[in-house]
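K.L.:
got a predicted model here, sequence first, then my questions.
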Amino acid sequence: MRGPRRQRSNRLFSVILEHPDLLGVGVDEDTAVWVRPDNTFQVIGTSCVMVLDAKGAQVTRQPVETSLDRLGVHGMQVHVLLPGEGFDLAKRAPIAGAPAPTAGR
């Protein structure tokens with residue numbers, strides 16, 4: 001049986017919606033990013049990396065009396081990168097020439 005969920009993705013989304021000028025990078029277990037001097041990174045390991053980019057997106061708020069505001073977003077970019085794929089931090093975009101996609105199962 002699994003332990004309690006940590007809701008790391010929810011927290012990452014919240015931080016990026018509060019600070020849309022930043023990029024959010026969520027790294028799965030048994031996975032890492034190799035950040036290079038040219039401001040790019042490559043995914044290394046057995047799982048994926050999620051990159052959240054809310055720059056230019058429309059962030060909405062819904063006040064809640066008992067806790068922090070609820071946050072919503074329209075037009076945010078979400079990239080899910082597989083092992084071996086790369087990302088250009090300056091261009092805020094995946095690097096072309098990544099491994100070819102495979103058909104779904």
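P.N.:
That came through fine.
K.L.:
so what pLDDT did Ala96 get?
P.N.:
As predicted, Ala96 sits at a pLDDT of 80.
K.L.:
okay, it and Trp34: tell me how far apart.
P.N.:
Going from Ala96 to Trp34 by CB to CB, to the nearest Å gives 18 Å. Any C-beta I mention is one placed from the backbone N, CA and C, and that applies to glycine too.
K.L.:
ok, the two, which is more surrounded?
P.N.:
Between Ala96 and Trp34, counted using other CB atoms under 10 Å, the more crowded position is Trp34 (11 against 7).
K.L.:
skipping its backbone neighbours, what lies nearest the more buried one in space?
P.N.:
Nearest in space to Trp34, with sequence neighbours left out and distances taken as CB to CB, 6 or more residues apart in numbering, is Gln42 at 4.8 Å.
K.L.:
residues contacting the one you found?
P.N.:
Val33, Trp34, Arg36, Gly84, Glu85, Gly86 (CB atoms under 8 Å, 6 or more residues apart in numbering).
K.L.:
okay, and it sits in which element?
P.N.:
Taking DSSP states H and E as the criterion, the element that holds Gln42 is strand 40-45.
K.L.:
any buried residues in the following helix or strand past that strand, and which?
P.N.:
Reading on from strand 40-45 to the C-terminus, the next helix or strand found by DSSP H and E is strand 49-53. Burial within strand 49-53, assessed by neighbour count using 16 or more other CB atoms under 10 Å, is assigned to Val49, Met50, Val51, Leu52, Asp53.
K.L.:
can you check stretch 40-47 too?
P.N.:
For stretch 40-47, burial by neighbour count (16+ other CB under 10 Å) applies to Thr40, Phe41, Gln42, Val43, Gly45.
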